[in-house]
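Participant: Here is my input, please return the structure:
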Amino acid sequence: MNWILLIIGGLFEVGFATCLGKAKESSGATVTLWLGGFLICLTISMVLLYKATQTLPIGTAYAVWTGIGAVGTVLVGIFVFKEPADFWRIFFMTTLISSIIGLKFVSSH
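Facilitator: Sure thing, here's the model as predicted:
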């Protein structure tokens, strides 16, 4: 169950990074809405990370949480913000995903 909470927390990390990107592109009252979304996603993400670390090793949980956030944010950058999807970005994102999977398999919980 805590792995599921950790994954959901990582997805909310993608959410707060996305909200920051959208706030940067916005103006007026829309910025406030995106920043509100950022705070909500940030809070949910941190609470879920905290819950997951109640039974998972902190080092593994934090690495997986940030890895999900990093990979998800790169994908959002590519598909939403039209950032480049060159070979090296995809290559290193793939190695990051492999590392996340590896941490899951070698974790004692």
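
Participant: Three-state assignment for Asn83, please.
Facilitator: Slight slip there: residue 83 is Glu, not Asn. coil (DSSP: H, G, I helix; E, B strand; the rest coil).

Participant: Could you find the closest non-adjacent residue to it?
Facilitator: Distances taken as C-beta to C-beta, 6 or more residues apart in numbering put Gly77 closest to Glu83, at 3.9 Å, once the chain neighbours are dropped. For every residue, glycine as well, the C-beta is placed using N, CA and C.

Participant: What's the separation between the one you found and Ile100?
Facilitator: 18 Å (C-beta to C-beta, to the nearest Å).

Participant: ok, those two, which is more surrounded?
Facilitator: More crowded of Gly77 and Ile100, by other C-beta atoms under 10 Å: Ile100, with 20 against 17.

Participant: mind listing what that one touches?
Facilitator: Residues near Ile100 by C-beta atoms under 8 Å, 6 or more residues apart in numbering: Ala63, Val64, Gly67, Ile68, Val71.

Participant: and the residues you listed as a markdown table, adding secondary structure and pLDDT?
Facilitator: As requested, the contacts of Ile100 are exported to a markdown table (DSSP: H, G, I helix; E, B strand; the rest coil; pLDDT from 0 to 100):
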| residue | secondary structure | pLDDT |
| --- | --- | --- |
| Ala63 | helix | 93 |
| Val64 | helix | 94 |
| Gly67 | helix | 94 |
| Ile68 | helix | 96 |
| Val71 | helix | 96 |
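
Participant: tell me the mean pLDDT for the helix or strand harbouring Met93?
Facilitator: Element membership of Met93, judged by DSSP states H and E, is helix 87-106. For helix 87-106, the mean per-residue pLDDT is 92.

Participant: Show me which residues of that helix are buried.
Facilitator: For helix 87-106, a neighbour-count test (16 or more other C-beta atoms under 10 Å) marks Met93, Leu96, Ile100, Leu103 as buried.

Participant: for these, which one is nearest Gly28?
Facilitator: Among those, Met93 lies closest to Gly28 (C-beta to C-beta), at 34.0 Å.

Participant: correct me, but Thr60 touches Ser99?
Facilitator: No: look at Thr60 against Ser99 with C-beta atoms under 8 Å: they stay out of range, at 11.0 Å.

Participant: Thank you, goodbye.
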